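Undergrad: sequence first, predicted model second:
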Amino acid sequence: MVRLAIIGCGGISRMHAAYLHDLRDRVRVTVAVDLDLARAATTAETLGATLACTDYREALEHCDAVLIALPHHEHHPVGLDCLRAGKHVLMEKPLANTERQCLDLIEAADAAGVTLMVAYCMRFHPLSMALKRILDEGAYGVTFYVSVWTEQHTQYPADHWASSAEKLGGGQLFSHGCHYVDLLLWMLGDPIEGAHIGTNLGTPWMEREGTSEAIIRFADGAIGHHGATWGARGTRLGYALHAHTTEGMLEADFGGGRLTLIRDGVETSLLETEPWSKHGMGEMCHFLRCIETGETPITDGYASLQGLRVIWRLYEAEAQGRMADLSGLGLPDTSRRLPADGQR
Ligand SMILES: NC(=O)c1ccc[n+]([C@@H]2O[C@H](COP(=O)([O-])OP(=O)(O)OC[C@H]3O[C@@H](n4cnc5c(N)ncnc54)[C@H](O)[C@@H]3O)[C@@H](O)[C@H]2O)c1
């Protein structure tokens, strides 16, 4: 039985709280931590944790593992303390705001011999996993184009940490697009070059881009595309992924909960799931399995750093008006597979 502390009881912690009860035979939440004690107390009460506190250091003697769901600029200092205390860490994405901070966390996890996993929940979504399996098998020919759209309206109050580019670590591509850059690397392999254009026209509350267009060319010639906005006042696309292969098009419609094949004008439903949900349970099952077996998470620190490096190189090239060289930024082998225990 893993004793888990939840550090940060804001928005995303509620998604985690929703499934944790169903995993009570494997994990028990013992502590809830938030600077806002009332928030910590509510989470503790919901999950049956005996301790609610405002200082994460108080939690460390009561847990084996921590879920860090904090503002991005807090990932590094808090994560480092937890890893150095020998705790397994499930870190909400993105791992940290700079390359050096990410390396510190990876090195600390290695030195302590504990699991460090990044919470890239889209890897554990049944639609993503089914699509990845189909593309890997080549069931409908060669994949030449994968396009991801996320259209949502995300506006934080001016005094919220996410309204600061420095605290957020970047703009929409870094904060939310990191999920999808990771998915593109997972599905398409080794990136070669790419480009990004961002704007905050339409999202003046963002210090950096609120709308992001990224294109990436992969080693076998396939192209990946990420088109996303936090400024959508309406949408038809929602969250969707289209994979074009030489025999058809596969659509993962996360909002509608459907994986559909369109071939020769005929639509075939391949999988139906509940409508959009972040599927945190599969992610948590994988984290627990890695703690229990010592297996490397498919979204470990190093794999997640590769995706962030892609984003940083795209930002850098955008600022200099050139294409980004993305060679050498493919995922490690341990990260290219499907999770063995991604669902329950
Ligand atoms: N997987 C996803 O799809 C997804 C979605 C939303 C957010 N997230 C991630 O979750 C993390 C948190 O985002 P959020 O939307 O829940 O933010 P939030 O602002 O809603 O919550 C953050 C909480 O952390 C608390 N906090 C801040 N500093 C603290 C500290 N030093 N010690 C203890 N508590 C502290 C705040 O009081 C707040 O309650 C981020 O990494 C974000 O990117 C992931």
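TA: Sure, I can see it.
Undergrad: in three-state terms, how would E274 be classified?
TA: The three-state label given to E274 by DSSP: H, G, I helix; E, B strand; the rest coil is coil.
Undergrad: count of residues packed around it?
TA: By the criterion of other CB atoms under 10 Å, E274 has 8 neighbours. No exception for glycine: its C-beta is placed from N, CA and C like everyone else's.
Undergrad: how near is S175 to G169?
TA: Separation of S175 from G169 (CB to CB, to the nearest Å) stands at 7 Å.
Undergrad: which one of the two has more residues nearby?
TA: Using other CB under 10 Å as the criterion, S175 and G169 rank with G169 on top: 25 against 22.
Undergrad: how much space between the more buried one and the ligand?
TA: Applying CB to the nearest ligand atom, to the nearest Å, the value for G169 to the ligand is 9 Å.
Undergrad: get me the contact residues on this structure for the ligand.
TA: Counting by CB under 6 Å from any ligand atom, the chain comes close to the ligand at 7-13, 33-36, 39, 56, 69-72, 74, 92-93, 119, 121, 278.
Undergrad: just those residues: which are in strands?
TA: I7, V33, E92, A119 (DSSP state E).
Undergrad: between the residues you listed, which is nearest the ligand?
TA: Top of the list for closeness to the ligand, among those and by CB to the nearest ligand atom, is E92 at 3.5 Å.
Undergrad: thinking that closest one is in contact with I68, fair?
TA: Yes - between E92 and I68 there is a contact at 6.2 Å, judged by CB atoms under 8 Å.
Undergrad: can I see the domain layout of this structure?
TA: As assigned by automatic domain parsing, the chain contains the domains 2-120, 122-336.
Undergrad: in JSON lines: these, plus mean pLDDT.
TA: Putting the domains of the chain into JSON lines (pLDDT from 0 to 100) gives the following:
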{"stretch": "domain 2-120", "mean pLDDT": "97"}
{"stretch": "domain 122-336", "mean pLDDT": "96"}
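Undergrad: just to revisit the earlier point, between E92 and I68, what contacts are shared?
TA: Jointly contacting E92 and I68 under the rule CB atoms under 8 Å, 6 or more residues apart in numbering are G8, H75.
Undergrad: list of residues touching the helix or strand in which R3 is found?
TA: Assigned by DSSP states H and E, R3 belongs to strand 2-7. By CB under 8 Å, 6+ apart, the residues outside strand 2-7 that reach it are 13, 16-17, 20, 26-34, 43, 47, 49, 56, 59-60, 62-70, 78, 82, 87-88, 288, 291-292.
Undergrad: who does it pair up with?
TA: Strand 2-7 pairs in its sheet with strand 27-33 (parallel), strand 65-68 (parallel), by DSSP bridges.
Undergrad: turn these into CSV, columns for distance to A317 and mean neighbour count.
TA: Listed next are these as CSV, based on distance: least, CB to CB, whole Å; neighbours: other CB atoms under 10 Å:
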stretch, distance to A317, mean neighbour count
strand 27-33, 39, 24
strand 65-68, 31, 24
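Undergrad: show me what secondary structure element comes after the strand or helix carrying A240.
TA: Using DSSP H and E, A240 sits in strand 239-245. As assigned by DSSP H and E, the chain's next helix or strand after strand 239-245 is strand 248-253.
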